[in-house]
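How does the following fold in three dimensions:
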Amino acid sequence: MSRCRKNRFDTDLNLRSTFIGLAVLLGGLPVFGQDQSPPAERYCQSGGAECFAGTSARYINPTSRYPHGVLGDDLEWGSLLVQADDPQNSYKIALQSEVFEDTVPRLADFDGDGIPEVVVVQSHPQKGAKLAIYGSEGKRAATPYIGTRFRWLAPAGIADFDGDGTLDVAYVDRPHLVKTLRIFSYRAGDLQEIARISDVTNHSIGETEIDGGLRFCGARPEMILADAGRTSVVVVSFVDGNFQRKTLGPYSPEAIKTALTRC
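Below you'll find the predicted structure:
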């Protein structure tokens, strides 16, 4: 999961997209010449990478009003921009005092209508981060704020982890402090916590990317993470009615990438 370095003009890295003098018309609102995040990640039920072809999402409007710096600089995102072939599903979420403290948005269809919602990390100036789901009507659901300024969470994956037909979303709560994987199920328009796995992480302070992520072994979704001390690569999956953690081998960035592509 990559992050745009918004305060550096390093266009050769292909992590930054700047359109000077270009206007994008969205629901009658023009957006001119703004720095943008990389495009949204897509979480397809099949485990593939091709879904939601008519929808894209990015963060825009860099802001310094929440100088946490956990992702490598003191700028975060002020707005979320969603563009769809159907204008009714195009929208912009502009935060006032909060920020999107995140790498990229994530597209996933939580209600099964074929139109993706957007999963974000949203941070409050006093309460820290929460995970939120947005649709064209606004915020659909959210976890509680962590409760303290400059406390963050790192998304780990979106899938039907326990096979009950309901989409789940997982993140590592305070990956530098608490190091606990928390898994929530989207039920009746709300996020309900269904499991916790301790002593794992997917980020170090100042890194611009989130480690690990989701892989599918057959039809089963699995999350690839590091152990709390970053000595081992671990996999978390739902087996025999429970979420279980298994060590795959010694940790390295390369080992994480390998684990994401091999079962």
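
what helix or strand is residue 79 on?
Element membership of residue 79, judged by DSSP states H and E, is strand 76-84.

Show me what counts as buried in that strand.
76-84 (16 or more other Cβ atoms under 10 Å). Glycine gets a C-beta too; all of them are placed from N, C-alpha and C.

And stretch 125-133, by the same measure?
Those would be 128-133, for stretch 125-133 by 16+ other Cβ under 10 Å.

Tell me how far it lies from the chain's centre.
Here the centre of stretch 125-133 is set off from its chain's centre by 13 Å, with Cα atoms, centre = their mean, to the nearest Å.

And the contacts of that stretch?
65-66, 97-98, 101, 110, 117-124, 139-153, 155, 169, 171, 184, 186, 191 (Cβ atoms under 8 Å, 6 or more residues apart in numbering).

if we can go back for a sec, in a markdown table: the buried residues of stretch 125-133, plus pLDDT.
Output for the buried residues of stretch 125-133, formatted as a markdown table (pLDDT from 0 to 100):
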| residue | pLDDT |
| --- | --- |
| 128 | 98 |
| 129 | 98 |
| 130 | 98 |
| 131 | 98 |
| 132 | 98 |
| 133 | 98 |
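
sec struct for the residue positioned nearest the centre of the chain, please.
Of all residues in the chain, the one closest to the mean position by Cα atoms, centre = their mean is residue 155, 4.7 Å from it. Assigned by DSSP: H, G, I helix; E, B strand; the rest coil, the conformation of residue 155 is strand.

same thing with residue 256?
Per three-state DSSP, residue 256 ends up helix.

gap between it and residue 64?
Using Cβ to Cβ, to the nearest Å, we find residue 256 at a distance of 31 Å from residue 64.

quick one: which of the two has more around it?
residue 256 (19 against 13; other Cβ atoms under 10 Å).

just checking, that one touches residue 226?
Yes - between residue 256 and residue 226 there is a contact at 6.9 Å, judged by Cβ atoms under 8 Å.
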